[in-house]
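>>> fold the stuff below for me.
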Amino acid sequence: MTPNVPSSASPDIGFAESSLGQSLLRVLAEGSASNRAIADYLLRKQVRVTALGIGELAEACEVSTATISRFARDLGFKNYAAMRGAVAETLQSVLQPVEKLRSTIARKAAAASPALESLSYAEAGITATSRALDGAQLDRIGTVFTKARTVYVMGFGLSSFLAGTLAMHLQPFCQHVVEVAASGGTEVAASHLANITSKDVLVAISLPRYTLAVVPLTRFARDHGATVVSITDSPASPLAELGHHVLYAHSAHPVLPSSGSSTLAVIEALAVSLMTSNKANVAKAARHTEAIAAYLVGEHQIRTGSMQKKPKGRKA
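Below is the predicted model of the structure:
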């Protein structure tokens, strides 16, 4: 029997949304430390698991073979081999919708430089992300932003520039926006979030490699009543279980630890959803444009020569 997997899902998300993936996510949330390690490995490295013997998986997860066997039985399988077979069957079902896309990328990559291959992966990631997104969910999040007293945006490492981009897009249309880690690290972020309440929203962005601090800070915001919007790469991400609203962006990359291209596309889609959500935002957009118009290069400046002229003797 072929597992029921949404045809629009990217591979990681599709696997997590299968019946086996849902069982693994429950273990990841509620299981023992050793079982969580196994579940996390299966959710992230399904292709590798299909080729591993029980001893190899035990070594990779730093547990005993007996623990692997118990894990398989607890999931309802006769033994490890049966569980591995279920992983392979689920994975095959997940990969079918994107097989054509992968083939296209492979053909392009065969004659491409590594740099152009990277662009192909970005293209594929955005396509997979778009197929899995729900426009109605983006609209609901836009409504949440509009009603919030303060929208806090948090990202560290690779995600820090993504957080800055989102904060810039939200600024004209929300009552108040705070980029919590913009001027410092964890301590500054914690200080910004100290007074967060149920009237506020936290957007937490995290991609592999996940920053350790993002989890306790996000949990702190949630425990204090804030609405949490998680933007991350997979249901196996530590941010997935903390978000009231979760947006997934494909981040796999053949060279880099992760790619932010799809996340940036999600951020832009979210900003567009917010901007078009009500008529009041049209007026806000007009005021924002008016406020910054004097600092933009425009046709009038070019015609009147008001742009700063280059000093003589200097090359462009």
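>>> isn't residue 271 up against residue 172?
No - between residue 271 and residue 172 there is no contact under CB atoms under 8 Å: 9.9 Å. The way it works is simple: take the backbone N, C-alpha and C, and place the C-beta from them, glycine included.
>>> quick check: longest helix of the chain.
helix 114-132 (DSSP state H).
>>> quick one: the strands in the stretch 151-300 of the chain?
For the stretch 151-300 of the chain, the strands defined by DSSP state E, counting those that start in this stretch occupy 151-155, 177-179, 201-205, 227-232, 245-248.
>>> which one of those strands lies closest to residue 138?
strand 245-248 (7.7 Å; CB to CB).
>>> what mean pLDDT does the closest one have?
Throughout strand 245-248, pLDDT has a mean value of 93.
>>> run a quick neighbour tally on residue 199.
13 (other CB atoms under 10 Å).
>>> so what's it up against?
Counting by CB atoms under 8 Å, 6 or more residues apart in numbering, residue 199 touches 148-150.
>>> one step back: so which bits of the longest helix of the chain are buried?
By neighbour count on 16 or more other CB atoms under 10 Å, the buried set for helix 114-132 is 117-118, 120-132.
>>> before we move on, what about stretch 80-88?
Neighbour counts over stretch 80-88 (16+ other CB under 10 Å) mark 80, 83-84, 86-87 as buried.
>>> could you do stretch 14-21 as well?
Within stretch 14-21, the residues scored as buried using 16+ other CB under 10 Å are 14-18, 20-21.
>>> out of everything not next to it in sequence, what's closest to the residue most central in space within the chain?
For the chain, residue 232 is the residue whose C-alpha lies nearest the centre (CA atoms, centre = their mean; 2.3 Å). Nearest residue to residue 232 in three dimensions, chain neighbours excluded: residue 239, at 4.4 Å (CB to CB, 6 or more residues apart in numbering).
>>> does that neighbour touch residue 214 like I think?
Yes - the criterion here is CB under 8 Å, and residue 239 meets it with residue 214 at 6.8 Å.
>>> the more surrounded of these two?
Legend: neighbour count by other CB under 10 Å for residue 239 and residue 214, higher for residue 214 (26 against 23).
>>> contacting residues for that one?
The contact partners of residue 214, taken as CB under 8 Å, 6+ apart, are 154-156, 159, 204, 206, 238-239.
>>> filter these to the buried ones?
Among the contacts of residue 214, those buried by neighbour count (16+ other CB under 10 Å) are 154-156, 159, 204, 206, 238-239.
>>> redo the residues you listed as JSON lines? Include distance to residue 140.
Below are the buried ones among the contacts of residue 214 laid out as JSON lines (distance: CB to CB, whole Å):
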{"residue": "154", "distance to residue 140": "20"}
{"residue": "155", "distance to residue 140": "22"}
{"residue": "156", "distance to residue 140": "26"}
{"residue": "159", "distance to residue 140": "22"}
{"residue": "204", "distance to residue 140": "17"}
{"residue": "206", "distance to residue 140": "21"}
{"residue": "238", "distance to residue 140": "23"}
{"residue": "239", "distance to residue 140": "18"}
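>>> from these, which is closest to residue 33?
Closest to residue 33 out of the buried ones among the contacts of residue 214 is residue 238 (14.4 Å), distances taken as CB to CB.
>>> now that closest one: phi and psi?
The phi/psi pair for residue 238 (degrees, to the nearest 10) reads phi -60, psi -20.
>>> leaving out chain neighbours, which residue sits closest to it?
residue 215 (4.9 Å).
>>> give me every residue that touches the one you found.
Neighbouring residues of residue 215 by CB under 8 Å, 6+ apart: 238-239, 242.
>>> one more: residue 21?
15, 43, 90, 235.
>>> one step back: give me the common contacts of residue 239 and residue 214.
Common neighbours of residue 239 and residue 214 (criterion: CB under 8 Å, 6+ apart): 204, 206.
>>> break this protein down into its structural domains.
Domains of the chain are assigned by automatic domain parsing as 11-96, 135-292.
>>> save these as a markdown table, and put in distance to residue 113 too.
Formatted as a markdown table, the domains of the chain follow (distance: least, CB to CB, whole Å):
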| stretch | distance to residue 113 |
| --- | --- |
| domain 11-96 | 25 |
| domain 135-292 | 12 |
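>>> for residue 280, see how far away the closest residue to residue 46 other than its chain neighbours is.
Among residues not flanking residue 46 along the chain, residue 91 sits closest, at 4.8 Å (CB to CB, 6+ apart). With distances taken as CB to CB, to the nearest Å, residue 91 is found 47 Å from residue 280.
>>> tell me which of the two has more neighbours.
Using other CB under 10 Å as the criterion, residue 91 and residue 280 rank with residue 91 on top: 21 against 10.
>>> ok, now how distant is residue 169 from residue 208?
The value you get for residue 169 to residue 208, if CB to CB is used, is 24 Å.
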